[in-house]
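Enquirer: quick one, what's the 3D model for this:
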Amino acid sequence: MEWIAENRMVALIAACEVGFWVVLGAGLLARYVLKWRRTSVVLLLCTPVLDVVLLVAAAVDIGGGGEAGLQHALGTIYLGFSVVFGPGLIRWADARVAHRFAGGPPPRKVPKSGPVRLAHEWREWGKCVAACAIAAAAILFLSYVVGTPDRTEALWRDCLPRLELLIGAWFVLGPLWKLLDRRKVSA
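Expert: Numbering: from 1, shown residues only. So this is what the prediction gives:
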């Protein structure tokens, strides 16, 4: 309990991640087991609420006199990736549950190689860029809300270079890797 008190933002990020999967599971349970279509839609639409809670909590934490740190940077990164990749994760889980429990069609698989895979890698990298842009916008928002650059300097100093590194690494290990692997792209 002492660790949670000292690392409230990290605990909140973990709670938001767990909450995402709980709300997703509840939404799919309501849709496919209980046949409550409207309830499932409401539950699945609640997943972005967790992102808003995280952003507000970070703003309150910093605005209340706290100094921004790595935990707030992680919060902005989580927020960006949740906003961009969350809907795809919901569609991914929905397709698998629909297939397994409701007689839906088998989920489409992305080929391991070829032009379709390369296009997939480019789309995923584009999502990474969008997620990092949202994280940077969240940093800007927190800096604006707090209004004191010295308390949010760590976000700019520590987080933005990590976002750039993440975008570069994703590019190298994703689309560039598939692009340079000519024997698999031409297949």
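Enquirer: and stretch 60-80, which residues are buried?
Expert: Residues of stretch 60-80 classed as buried: 61-62, 66, 68-69, 71-80 (neighbour count, 16 or more other CB atoms under 10 Å). Quick note: C-beta positions are derived from backbone N, CA and C, even for glycine.
Enquirer: please narrow those to those residing in helices.
Expert: The helices, defined by DSSP state H, take in 61-62, 71-80 from these.
Enquirer: need these in CSV with distance to residue 38 and pLDDT, can you?
Expert: Listed next are those as CSV, based on distance: CB to CB, whole Å; pLDDT from 0 to 100:
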residue, distance to residue 38, pLDDT
61, 35, 80
62, 38, 76
71, 37, 80
72, 36, 80
73, 38, 82
74, 35, 83
75, 32, 84
76, 33, 86
77, 33, 88
78, 29, 87
79, 28, 89
80, 30, 92
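Enquirer: between those residues, which is closest to residue 164?
Expert: Closest approach to residue 164 among these (CB to CB): residue 77, at 12.2 Å.
Enquirer: how close does the closest one sit to residue 146?
Expert: In this view, residue 77 and residue 146 are 18 Å apart by CB to CB, to the nearest Å.
Enquirer: do residue 109 as well
Expert: From residue 109 over to residue 146 (counting by CB to CB), the distance is 45 Å.
Enquirer: okay, the two: which has more neighbours?
Expert: Between residue 109 and residue 146, residue 146 has the larger neighbour count (other CB atoms under 10 Å), namely 22 against 6.
Enquirer: next one: the more buried one from residue 128, what distance?
Expert: Distance from residue 146 to residue 128, by CB to CB: 27 Å.
Enquirer: try residue 108
Expert: In this view, residue 108 and residue 128 are 21 Å apart by CB to CB.
Enquirer: those two: which is more packed in?
Expert: Between residue 108 and residue 128, residue 128 has the larger neighbour count (other CB under 10 Å), namely 21 against 7.
Enquirer: which residue is the nearest non-sequential neighbour of the more buried one?
Expert: Nearest non-adjacent residue to residue 128, counting by CB to CB, 6 or more residues apart in numbering: residue 170, 4.5 Å away.
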